[in-house]
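Q: All I have is the shape, not the residue letters:
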């Protein structure tokens, strides 16, 4: 994932970072449940993968505090990809995309603003239990306003 830049370093490299929300529909045989993936370009210098969180609710229900599972970083192709995922891991459908503004970025806490035509959010993500591994359960606290979905979910 690279080092963790200060806010000053992020602002110095002032560029827009992108995010996408995907609906990840898993096969019925999978022990995990279908979920929404929040994928964001990392502000870490030299990072070429997406920071990834799995959320059990759709974006219009993100208000308040809920658990979010920090996933291993994803390839940047997922900013635009829709369709089946190899290895019988289901499929993904893009629900929305926009710009992420990084306010704070560290191994245990992230503060961001998400902006798209249908989503305007301030999000704080905090690791539940500090660990040397970034994956695991984090707390996601969100103050959002959302409009209608950009796209409907595909039929089950």
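A: Cool, the structure landed. On a predicted model such as this, the values are computed, not experimentally measured, just so you know. Residues are numbered from 1 along each chain as shown.
Q: From start to finish, how long is stretch 74-90 in a straight line?
A: Stretch 74-90 has its terminal residues 15 Å apart, counting by Cα to Cα, to the nearest Å.
Q: Likewise for stretch 41-52?
A: Terminal residues of stretch 41-52 lie 9 Å apart, using Cα to Cα.
Q: Which stretches in the chain count as helices?
A: Here the chain has its helices, by DSSP state H, at 7-12.
Q: show me where it has strands.
A: All strands of the chain, identified by DSSP state E, fall at 17-25, 35-41, 49-55, 64-75, 83-84, 91-105, 109-116, 119-127, 136-146.
Q: Residue 6 is nearest to which of the ones you listed?
A: strand 91-105 (8.7 Å; Cβ to Cβ). No exception for glycine: its C-beta is placed from N, CA and C like everyone else's.
Q: Tell me the helices and strands packed up against the closest one.
A: Judged by 3 or more Cβ pairs under 8 Å, 6 or more residues apart in numbering; DSSP states H and E, strand 91-105 is in contact with helix 7-12, strand 17-25, strand 35-41, strand 83-84, strand 109-116.
Q: Format those as CSV; extra columns: distance to residue 48, mean pLDDT and mean neighbour count.
A: Output for the helices and strands packed on strand 91-105, formatted as CSV (distance: least, Cβ to Cβ, whole Å; pLDDT from 0 to 100; neighbours: other Cβ atoms under 10 Å):
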stretch, distance to residue 48, mean pLDDT, mean neighbour count
helix 7-12, 17, 62, 12
strand 17-25, 13, 97, 21
strand 35-41, 9, 97, 22
strand 83-84, 22, 97, 10
strand 109-116, 18, 93, 19
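Q: Turn these into a markdown table, including distance to residue 126.
A: What follows is those, written out as a markdown table (distance: least, Cβ to Cβ, whole Å):
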| stretch | distance to residue 126 |
| --- | --- |
| helix 7-12 | 17 |
| strand 17-25 | 18 |
| strand 35-41 | 15 |
| strand 83-84 | 33 |
| strand 109-116 | 5 |
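Q: re earlier: make TSV from the strands of the chain and add distance to residue 6 to it.
A: Formatted as TSV, those follow (distance: least, Cβ to Cβ, whole Å):
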stretch	distance to residue 6
strand 17-25	16
strand 35-41	18
strand 49-55	17
strand 64-75	21
strand 83-84	38
strand 91-105	9
strand 109-116	13
strand 119-127	18
strand 136-146	21
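Q: Among the helices and strands packed on strand 91-105, which comes closest to residue 139?
A: Proximity to residue 139, assessed across the helices and strands packed on strand 91-105 by Cβ to Cβ, is greatest for strand 109-116 (9.8 Å).
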